[in-house]
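Colleague: sequence? don't have it. structure:
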């Protein structure tokens, strides 16, 4: 049985890269966004969603394992369920708020297609029928498929804790078996936004990334539990990670957006289409894991720049990821409607810039308002 000891201090890399992922998610949700060329999805086979899920698993281990250890299994489970309720409540709030924004935008612009673009048309056509589906997380309009995924993933924590106590690799083994089964014969949850629709993020496949993050978080808490890799093996893994990352960048690099280079592919796009995001295709999984390995090797937790004034707003966003994610989603929907009405590059850049600045400001504001007791908390929350 493992008995991890919490390490002092807080690994700011988790907050920084989670904050960076939030910015990338916002930028990618805006149409005609030239800034999206700088996001992960244009420089590899994975994107910011993978970063966010992996780091959510790390943060979940840091946040809840201590509660399970110090206060018992029931107290830990109650803490997890309390967070699940919060996530569920924020999701429903966003569902209502974005629905109102879409409806008002459609009225103001005289274009009801916005309700269809964001997936709300079926809801406004049959609100009494669709409301129970929305409450059951079976009706997920655009941009509202991430929080339901976290509701399910966080619910796995009470199962992962006893597995981890049996053996530190037990959660990972069970997770990999389930992940392999989903690649072979996927089980989907329904999304009634469209006939025959399913959850875009299949939680039974994406759980493997969350569990990998959970295992990493446990190793952060207990350095003695980390496997001691020989330098030769470590260097070999680093070389492979660098090769895979470089190859993925060459394959999907953004130069194809340059006029005249649209067809400058090293690999046929039809072959890349198999790297399904919904089921977290192994190519995507390898891509994000190689990137995380390289970051862990190149950026130590003691890096001074993580404490700099420039990094502080990004770290603050990552530390308060739930309110910042909710804010970014509202900004993406409202800003996207503005850009769709006037699809000009300068306007898109302006909306991107204003949205990012508002997110950074919201992160700093949330940081200033946090209680002193929470400021010293090493774990944070999963989302």
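Modeller: Cool, the structure landed. Note that the structure is predicted; figures quoted are calculated from it, not measured.

Colleague: Can you tell me the element residue 296 falls in?
Modeller: Using DSSP states H and E, the element containing residue 296 is helix 282-298.

Colleague: Now do the next helix or strand after that helix: which elements does it pack against?
Modeller: Once the chain leaves helix 282-298, the next helix or strand it forms, by DSSP H and E, is helix 312-319. Applying 3 or more CB pairs under 8 Å, 6 or more residues apart in numbering; DSSP states H and E, one finds that helix 312-319 makes contact with helix 12-29, helix 345-369. For glycine as for every other residue, the C-beta is placed from the backbone atoms N, C-alpha and C.

Colleague: Run through the residues that contact the nearest residue to residue 198 once chain neighbours are set aside.
Modeller: Closest residue in space to residue 198, ignoring its immediate chain neighbours: residue 188 at 3.8 Å, by CB to CB, 6 or more residues apart in numbering. Residues counted as contacts of residue 188 (CB atoms under 8 Å, 6 or more residues apart in numbering) are 198-199, 202.

Colleague: which SS class is residue 188?
Modeller: Classification of residue 188 by DSSP: H, G, I helix; E, B strand; the rest coil places it in coil.

Colleague: okay, now residue 196: neighbour count?
Modeller: Residue 196 is flanked by 8 other residues according to other CB atoms under 10 Å.

Colleague: Tell me the secondary structure of it, please.
Modeller: coil.

Colleague: In this structure, which helix is the longest?
Modeller: Counting residues, the longest helix found in the chain (DSSP state H) is helix 73-109.

Colleague: so what does the next helix or strand after that helix touch, helix or strand wise?
Modeller: Next helix or strand after helix 73-109 toward the C-terminus (DSSP H and E): helix 113-117. Counting contacts by 3+ CB pairs under 8 Å, 6+ apart, helix 113-117 is packed against helix 73-109, helix 321-341.

Colleague: any weak-confidence spans in the protein?
Modeller: 1-9, 254-274, 371-382 (pLDDT under 70).

Colleague: Could you pull up the residues touching the residue nearest the centre of it?
Modeller: Centroid-nearest residue in the chain: residue 52, 2.8 Å away (criterion: CA atoms, centre = their mean). Applying CB under 8 Å, 6+ apart to residue 52 gives the contacts 18, 21-22, 25, 146, 321.

Colleague: one step back: okay, the residue nearest to residue 198 and residue 211: tell me how far apart.
Modeller: As judged by CB to CB, to the nearest Å, residue 188 and residue 211 stand 20 Å apart.

Colleague: Which positions in the helix holding residue 296 come out as buried?
Modeller: Neighbour counts over helix 282-298 (16 or more other CB atoms under 10 Å) mark 282-294 as buried.

Colleague: Now do it: distance to the chain's middle.
Modeller: Counting by CA atoms, centre = their mean, to the nearest Å, helix 282-298 is centred 15 Å from the centre of its parent chain.

Colleague: What of stretch 13-24?
Modeller: So, by CA atoms, centre = their mean, the centroid of stretch 13-24 is 9 Å from its chain's centroid.

Colleague: next one: stretch 188-198
Modeller: 21 Å.

Colleague: buried sites along that stretch?
Modeller: Result for stretch 188-198 [16+ other CB under 10 Å]: buried residues 188-189, 191-193, 197-198.

Colleague: what do you get for stretch 82-94?
Modeller: 83-84, 87-88, 90-91, 94.

Colleague: would a markdown table of those with distance to residue 122 be doable?
Modeller: Listed next are the buried residues of stretch 82-94 as a markdown table, based on distance: CB to CB, whole Å:
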| residue | distance to residue 122 |
| --- | --- |
| 83 | 30 |
| 84 | 26 |
| 87 | 24 |
| 88 | 21 |
| 90 | 22 |
| 91 | 18 |
| 94 | 18 |
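
Colleague: now, which of the residues you listed sits nearest residue 370?
Modeller: residue 83 (16.4 Å; CB to CB).
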